[in-house]
Each structure stands twice: as structure tokens, then as C-alpha cells.
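A.B. asks: here is a sequence together with a model predicted from it:
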Amino acid sequence: MTYPIRLKTPLSDQDVEKLKIGDRVFISGIIYTGRDAAHKRLFDLLKEGKDLPFDIQGQIIYYVGPTPAKPGQALGSAGPTTSYRMDAYSPTLMARGLKGMIGKGMRSDAVKEAMKKHKVVYFAATGGAGALLAKRVKKAEVVAYEDLGPEAIQKLEVEDLPVIVVNDVRGNDLYVEGMKKYRTSPVSPAY
Amino acid sequence: MREVNVRLITEKVRNLCMEANTDLGEDVLQAFDRAIEKEESPLGVEILKELKENARIAKEEKVPICQDTGFAVIFLEIGQEVHLVGGDLREAIFEGVRQGYRDGYLRNSVCHPFTRANTGDNTPAIIHTDIVPGEKVKIQVAPKGGGSENMSRVVMLTPSDGVDGMKRFVVQRVKESGSNPCPPTIVGVGIGGTFEEAALLAKKSLLRPLGSKNPDPELDRLEAEILQEINRLGIGPQGLGGRTTSLAVHIRMMPCHIASFPLAVNIQCHAQRHKEAVI
């Protein structure tokens, strides 16, 4: 379980079908950033039947709002933000070809159902490992919504970005399975 | 009577904002090591090691530990013999935060509650001031991220809820928080006082070094019991399962009203950031 599976974007159905919850994955290639405000705009575009500012087929979106880059850095500290805030928008993006999402925290049942239906995988990056994750970003370029500042959509070129599979295409959830496995009964009758 | 120019305070606050965001305390790193020894989940151990490595990179390269560089929370202890000159203290502190967040390439994370428009410079800051005997000025900067803060609560328990009720509430809070506050967490508990004082006690309890004992033997025992219960939940590092859900529980308590039993739980993520300086 702990040996890393190396994946290169864009992802295909075959790429995601072989992933199991708990798999350690190193992602390389292009990924796109996006969080609250950008998701709302992308969602509205799709609802209006318009094109997205980038080709989403096979792509991965990383939920992140980084610190400003220091001279010499491609991107500032870049750990994940909590994913559930994007739940309302994700199924629509998945229907359009989004193949992977990176964030942290449990997703809704609707999102998990959409992942099964459209064959999409949800990865967790380690919350708070902002400096370590930033080092895996080789290039960063704003491709949409510059006015949103840290919330702009950026195209990142990453090399061996370390993530863990949390939701696979079969509906399994590591947040649920993990806690079940390591929970022990309480000491005191107070609980 | 000793004069201290507030420009000195601006300079210290600037430096402390930057240092707190890049240099994780030795006590936290040692707490990670103790957790690695005891953690039974292989994935949990990997995550703890990743957090240690992250802290090393942040310190060496002077980049923020986490992208959420927090709301600036400042604790001041001003000696009674000190006369502050050279300007408005509050403004001097805000200027220190402004400079620190600019020069340290930190993120501006403060906005209007309704419109969500960013204030652009990470001010205002929160300032807690105590006047103490002496002629020194002690400044502690403890930037607080939003994720863990959102999982915190203040509750007015009923006196009849008792110690068991207090323990139940704290454990339940950690359980309901799940992966949201980036476990492993440090749980600050404030008991007694009034509604707002309980919250401040909880926040201040987070400043105590990890691994230190509570000077009150009863509270020390309660801290250990609650921590043990929390770590039975199985939430683990990053909520992915394991025995290390929290690294410590710290309690501060003071007397309260005869009709009340105030309780505050301030959750802190593993990036427990605080630095201090004395003028």
C-alpha cells in the first residue's frame, strides 16, 4: 500500500479504475487549481452552455489558495483547502470530463455517486504540508480569473506531487474505513 | 518608569509574524516523534513524517509551513513601569502585521464578513493585553488558521453536567470535527470565568509548550484522560485513520458564576505556530 503509484495527467478511465483507497500516488504533469469562487464561475458557464477557459477532459483540479511565490519559487506554500465547499459544483465538472480532484476532507454522497458514475478519483494531499507540496510545483501560470487573486485558476506543472487515494471509483471512502479500523471502545462509562 | 518607542514593537511584530509562519517549535517536532513511535497506522506514520519534513523545508528555506498563514493574534504583557511613546500602540502593531505579511510573502486572509472583500494587508489583528508588574514588554504572536478555528466552540454547560459532561463535550467536539481541523490537533480547553473569558482561557492554553505538565495535578490528570479518549476515536493523522488524533489536551480553569459552567474548546491544528520576544 505504501509504494507510490506514478500517474501522469491527463488521466484515462483505465488510470483511475486501478486505484484503490489508501494507495499512495505521485502525480506528474499538468493540474489546475481552483476553489470556491472559480468553481462557481465554471459551474455557471456550464449551466449557460458556454465553454470552459481550459479543456477539462482527463484533468485534475487541486483545491488550493497558495501564499504569494517568493523569488525563485514557481508557487508559494500550497497545501489543500477543505473540499466539501466545492461539493455543489463537482458533479457538473465530472460530467464534463474532470477525472481527478485533490483536496482534504470528506465529500458528500452526491459527489461520491458522481465519482462512481463518471469514473473519477478523489485524492487527499496532506493538510498543512504547504512548503513540501510547493516544492513539487515546477511551473505555475494563471490561465483564468486573474481578478480573483489567490483564487485564480492556475495551470501547474507538477513532478511527483504526493497524494493518497481517498475515494475510488467503486464508492469506497478512506475517511470512513480508516476511522472504523482504528477506533477502540471507550475507557469510561462517561462516553 | 521606562520609555519604549512603539516603533520597536512594530519591528518585533513584523519579525515574529514571519518567524512564527516558518519555524515550527521544537516541542511540536518532538511531539511528532513521540506520535510516530506510538502510531499503529502505517499511513498515519507516513503522514507524520511528511509533516516533519515539511517543517524542515519551511525552516530551511524560510517559506510558510502552511498556505493558511492565519489571522494575526497577538498577546501583550506590558509592565506597569513602561511608558509607551512614539505613536498609537494598536496602529504600531497593525503596521508590524502589515509589514510581516508583505515581507514574509504570507497570505492575506482577512475579509469583510458579509461581502468577503479582502482587507488586503491581513489587518486588523487581534490584540490581547495584560498589564503586569515590571518594566518589560512581552509580545507573543500566534497566527491562527481558519480550518481549526472553525471547529472551535463555546458552550454554557449546566453545573449539573459536571466534569463528565465537560469531558463528553470535548471528546464529542473532536469527533464531530473529523478531518476538518487537520489532525493531529492540539485541543485547548477553557473552563470557568464568563462566556468570553472561557474562550480566551482556551486560546491561551494553546500557548503552553507541548509535552509540559499542567501545574494543577487534577487538571493534569483530566488532560491525560481526555487525550486518551480522543485517541480512541480512530480519526488519526489527516482523518485517514490511526491512533494519533490529538497530540495534547491543555486545560486552563478559573472560578465561575454559581449558576454557570462555561466551557470553551479551541482546536489547534498540528501547525501550532507561536513566537515571542521581550523588549
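C.D. replies: All right, it came through fine. Numbers count the residues shown, from 1 in each chain, chains lettered A, B, ... in the order given.

A.B. asks: burial measure for residue 101, as a count.
C.D. replies: I'll assume chain A. The local packing of residue A:101 (other CB atoms under 10 Å in any protein chain shown) involves 26 other residues. C-beta here means a position set from N, CA and C on the backbone, and glycine is covered the same way.

A.B. asks: other chain: chain B
C.D. replies: 28.

A.B. asks: do I have it right that it meets residue B:69?
C.D. replies: Yes - counting by CB atoms under 8 Å, residue B:101 touches residue B:69, with 7.0 Å between them.

A.B. asks: hey, what's in contact with both of these two?
C.D. replies: Here residue B:101 and residue B:69 share the contacting residues B:107, B:122, scored by CB atoms under 8 Å, 6 or more residues apart in numbering or on different chains.

A.B. asks: list the buried residues for stretch A:172-191?
C.D. replies: A:172, A:173, A:174, A:175, A:178, A:179, A:182, A:183 (16 or more other CB atoms under 10 Å in any protein chain shown).

A.B. asks: among these, which are located in strands?
C.D. replies: Among these, no member is found in strands (DSSP state E).

A.B. asks: which member of the residues you listed is positioned nearest chain B?
C.D. replies: Using CB to the nearest CB, residue A:178 is the member of those that sits closest to chain B, with 2.2 Å.

A.B. asks: now that closest one: closest residue in space, sequence neighbours ignored.
C.D. replies: Leaving aside its chain neighbours, residue A:178 sits nearest to residue B:241 (2.2 Å; criterion: CB to CB, 6 or more residues apart in numbering or on different chains).

A.B. asks: contacts for stretch B:161-180?
C.D. replies: Residues outside stretch B:161-180 that contact it (CB under 8 Å, 6+ apart): A:82, A:104-106, A:127, A:175, A:188, A:190-191, B:147, B:150-151, B:153, B:155, B:157-158, B:185, B:187, B:189, B:191, B:222, B:225-226, B:229-230, B:233, B:235, B:238-240, B:245-246, B:249, B:261, B:263, B:265, B:267.

A.B. asks: buried only: go through those for me.
C.D. replies: Members of these classed as buried by 16+ other CB under 10 Å are A:82, A:104-106, A:127, A:175, B:147, B:151, B:153, B:155, B:157, B:185, B:187, B:189, B:191, B:222, B:225-226, B:229-230, B:233, B:235, B:238-240, B:245-246, B:249, B:261, B:263, B:265, B:267.

A.B. asks: next up, the contacts around residue 18.
C.D. replies: Looking at chain A here, since you left the chain open. Residue A:18 neighbours (CB under 8 Å, 6+ apart): none.

A.B. asks: let's do chain B instead
C.D. replies: Contacts here follow CB under 8 Å, 6+ apart; on that basis residue B:18 touches B:62, B:100, B:103, B:104, B:106.

A.B. asks: can you map out the helices along chain B?
C.D. replies: In chain B, the helices defined using DSSP state H lie at B:6-22, B:26-38, B:42-61, B:89-103, B:146-149, B:162-177, B:195-205, B:217-231.

A.B. asks: just the buried residues of the first one, please?
C.D. replies: This points to helix B:6-22. B:6, B:8-22.

A.B. asks: ditto for the fourth one
C.D. replies: Applying a neighbour-count criterion of 16+ other CB under 10 Å, the buried positions in helix B:89-103 are B:89, B:92, B:93, B:94, B:95, B:96, B:97, B:98, B:99, B:100, B:101, B:102.

A.B. asks: confirm for me that residue B:90 is in contact with residue B:129.
C.D. replies: No - between residue B:90 and residue B:129 there is no contact under CB under 8 Å: 9.7 Å.

A.B. asks: regarding the chain, what is its longest strand?
C.D. replies: This is for chain A. Max-length strand for chain A by DSSP E is strand A:153-167.

A.B. asks: look at chain B instead
C.D. replies: strand B:246-256.

A.B. asks: could I have that strand exported to PDB, CA atoms only?
C.D. replies: What follows is strand B:246-256, C-alpha atoms only, in PDB (Å, rounded to 0.1, in the frame of the first residue of the first chain):
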ATOM      1  CA  SER B 246      -4.700  14.700  19.000                       C
ATOM      2  CA  LEU B 247      -1.100  15.400  20.300                       C
ATOM      3  CA  ALA B 248      -2.200  17.100  23.600                       C
ATOM      4  CA  VAL B 249      -5.100  18.500  25.600                       C
ATOM      5  CA  HIS B 250      -4.400  21.700  27.600                       C
ATOM      6  CA  ILE B 251      -6.800  23.000  30.200                       C
ATOM      7  CA  ARG B 252      -7.000  26.400  31.900                       C
ATOM      8  CA  MET B 253      -9.600  26.900  34.500                       C
ATOM      9  CA  MET B 254     -10.800  29.700  36.800                       C
ATOM     10  CA  PRO B 255     -13.800  30.200  39.100                       C
ATOM     11  CA  CYS B 256     -17.100  30.900  37.500                       C
END
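
A.B. asks: distance between that strand and the chain's centre?
C.D. replies: Strand B:246-256 sits 13 Å away from the centroid of its parent chain (CA atoms, centre = their mean, to the nearest Å).

A.B. asks: elements contacting that strand?
C.D. replies: helix B:26-38, strand B:185-193, helix B:195-205, helix B:217-231 (3 or more CB pairs under 8 Å, 6 or more residues apart in numbering or on different chains; DSSP states H and E).

A.B. asks: got the contact list for the last one?
C.D. replies: Just to be clear, that refers to helix B:217-231. By CB under 8 Å, 6+ apart, helix B:217-231 touches A:186-188, A:191, B:163, B:167, B:170-171, B:174, B:187, B:189, B:213-214, B:243-246, B:248-251, B:253.

A.B. asks: what does the third one give?
C.D. replies: Identification of contacts with helix B:195-205 by CB under 8 Å, 6+ apart yields B:73, B:75, B:128, B:152, B:154, B:156, B:188-193, B:250-254, B:262-266.
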